[in-house]
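Enquirer: would you be able to build a 3D model of this:
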Amino acid sequence: MALTTAQQSAIRSFLGYADIFRYKNPRLEGVLAPGLLSADAETLVDNILTQLAAVDAALTGTGGSPGIAQQAAGVKKLDEIEFFEGRAIRDLKRIGRMLITRLSTILGVPPYSDYYGEEGYPGDTYSADGLASGSGGNTIPMG
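Expert: So this is what the prediction gives:
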């Protein structure tokens, strides 16, 4: 039994990798190749993905009911309405990060960005003009 494409996409997301430009992540994509993981490891991965989906549902309210963030958020500042993060939210994020660490350990691939963080995709080693940093560009010297 191989991981489904939905499971592969979820793994990329939870470990903080983009679903596009997969060729940039050969270590992760190699692990996701069919037949590489044992059946036992696939079962562990499936269980972790189910638990992470439950954490997400509890945080964001996906699944029909409001999430803990919507239920327990309190007002911290009125002039700009700024919400403070309650203990339940921090605990759920901590559980999510623990599960992601387990997923990372099973797959042998380090997380790239924090799924439960606030930073988003960290980018890569390419500069704003599209050239690899420190490489002098991607031109081939002549002569």
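Enquirer: use CA for all of it now, contacts and neighbours both
Expert: Noted.
Enquirer: got the buried residues for stretch 48-62?
Expert: Within stretch 48-62, the residues that count as buried by 16 or more other Cα atoms under 10 Å are 48-49, 52-61.
Enquirer: let's see which of those residues end up in helices.
Expert: 48-49, 52-60 (DSSP state H).
Enquirer: helices of this protein, start to end?
Expert: Using DSSP H, helices in the chain cover 5-15, 26-32, 39-60, 68-72, 87-107.
Enquirer: next, format those as TSV and append mean pLDDT and distance to residue 122.
Expert: Shown next, in TSV, are the helices of the chain (pLDDT from 0 to 100; distance: least, Cα to Cα, whole Å):
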stretch	mean pLDDT	distance to residue 122
helix 5-15	96	12
helix 26-32	94	17
helix 39-60	94	21
helix 68-72	52	25
helix 87-107	94	17
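Enquirer: right, and those - which one's nearest residue 115?
Expert: Of all those, helix 5-15 sits nearest to residue 115, with 5.6 Å by Cα to Cα.
Enquirer: okay, angle between that closest one and helix 39-60 too, please.
Expert: If you take axes from the mean of the first three to the mean of the last three Cα atoms, to 10 degrees, helix 5-15 sits at 60 degrees to helix 39-60.
Enquirer: isn't residue 17 up against residue 113?
Expert: Yes: with contacts counted by Cα atoms under 8 Å, residue 17 reaches residue 113, the gap being 7.1 Å.
Enquirer: between these two, which is the more surrounded one?
Expert: Shown here are residue 17 and residue 113; by other Cα atoms under 10 Å, residue 17 has more neighbours (24 against 19).
Enquirer: show me the contacts for that one.
Expert: 111-113, 121 (Cα atoms under 8 Å, 6 or more residues apart in numbering).
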